[in-house]
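[1] Can you look at this prediction? I've put the sequence above it.
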Amino acid sequence: MKGKGNIKKIILFFIFIIIIITGVLLYSRYIGTSGLKIKEYKIVNENFYNDYYGFKIVHISDIHYGRTTFDKDLKNLVKKINMVKPDIVVFTGDLIDQDTKVTNEQIDKISSILSKIDAEIGKFATNGNHDYYFKNWDLIIENSGFTNLNDKYELIYKEPDRYILLAGLSTNLYGKKQISEKLKPVNEYLKDNQENKPMYSILLMHEPDFIDDINSDDFDLVLSGHSHNGQVRMPFIGAIKQSLPIGCKKYYDEYYKIKNTDLYISSGIGTSTVSFRLFNRPSFNLYRITNK
């Protein structure tokens, strides 16, 4: 009888484990991937003039449309972005999930929804590795009112003699161009304007590990995505490093200080490879830049 009692306990134990695992999987798939958080950060830089005090940047990344993010999620994203009234909105890649085949109707719909994002100064985007082979990425970005910053830069003015430099890098996981070649336009600009440097400089790039291949001293702020901060995170452990993709093995958490440069990595909105999020709900970042 004692042996039968032990067998019964073992069976109950395994049933309990199966229930727990099933519950975690269901939570990660349907609850963990839903909703939208706004993560707010204050960035202090003494070079910032009072005229720009409280400059607001909304940073979105890794939408991965078609896996766990769809039209209603995009509409909610637009609504929440517009609520915070940003000066600029930046997008750091992976718009459409690489496993998703979108129709022309969906392309038009995505463009229409994203075009409703309001930003006082402008909207800017760089692509991600999932966007590289998606031929309509440029079309959606243009029709959504975003400026394509792949390997380009823009100067942002609120005052005639005080400006922010905003540069972008295309995905570094694909393509033949080296980072030095991609950054050549902005490097030449900085070299030619030593006496009229930007008061603040920002770089957009999808894969954060490539920050080690640039002169970070040229940029006060680097904004990135790709890692999702670890799409599945564990209590007291954080991201499971073995599951992180190439390009974010070293830098994957939400913030790093590299010399004098602030590196922020968005946890993203969608999911990639597997349709789960655990202890890491969809979000976008809101930065307020001040001089004190």
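    Cool, the structure landed.

[2] how close does the residue nearest the centre of the chain sit to residue 162?
    Among the residues of the chain, the one closest to the centroid is residue 61, at 2.8 Å (CA atoms, centre = their mean). Residue 61 sits 28 Å away from residue 162, going by CB to CB, to the nearest Å. Backbone N, C-alpha and C define where each C-beta goes, glycine included.

[3] next one: residue 65
    37 Å.

[4] Tell me how far stretch 261-280 lies from the chain's centre.
    Relative to its chain's centre, stretch 261-280 lies at 7 Å (CA atoms, centre = their mean, to the nearest Å).

[5] Might one say that residue 269 is in contact with residue 67?
    No. Counting by CB atoms under 8 Å, residue 67 is not a contact partner of residue 269; they are 10.6 Å apart.

[6] Pick out whichever of residue 65 and residue 162 has more residues nearby.
    A direct count of neighbours by other CB atoms under 10 Å for residue 65 and residue 162 places residue 65 higher, at 23 against 16.

[7] residues in contact with residue 245?
    226-227, 272-273 (CB atoms under 8 Å, 6 or more residues apart in numbering).

[8] for this structure, which helix is longest?
    helix 2-26 (DSSP state H).

[9] what are the phi and psi angles of the closest residue to residue 145 other than its chain neighbours?
    Nearest residue to residue 145 in three dimensions, chain neighbours excluded: residue 115, at 5.1 Å (CB to CB, 6 or more residues apart in numbering). When read as degrees, to the nearest 10, the backbone of residue 115 gives phi -70, psi -20.

[10] distance of residue 115 from residue 74?
    From residue 115 to residue 74 the distance is 11 Å (CB to CB).

[11] Please name the bridge partners of residue 41.
    Note on residue 41: beta-bridge partners by DSSP bridges are residue 287.

[12] Count the neighbours of it for me.
    Quick note: residue 41 (other CB under 10 Å) scores 15 neighbours.

[13] How much space separates it from residue 264?
    On the measure of CB to CB, residue 41 and residue 264 end up 7 Å apart.

[14] got any ranges where the stretch 101-250 of the chain has weak pLDDT?
    Within the stretch 101-250 of the chain, no range satisfies pLDDT under 70.

[15] let's see it at 80
    For the stretch 101-250 of the chain, the stretches with pLDDT under 80 are 159-160.

[16] quick one, helices of this protein?
    2-26, 71-84, 104-114, 137-143, 179-182, 184-192.

[17] Pick the most buried one from these.
    Among the helices of the chain, helix 137-143 has the highest mean neighbour count (mean count of other CB atoms under 10 Å), at a mean of 18.
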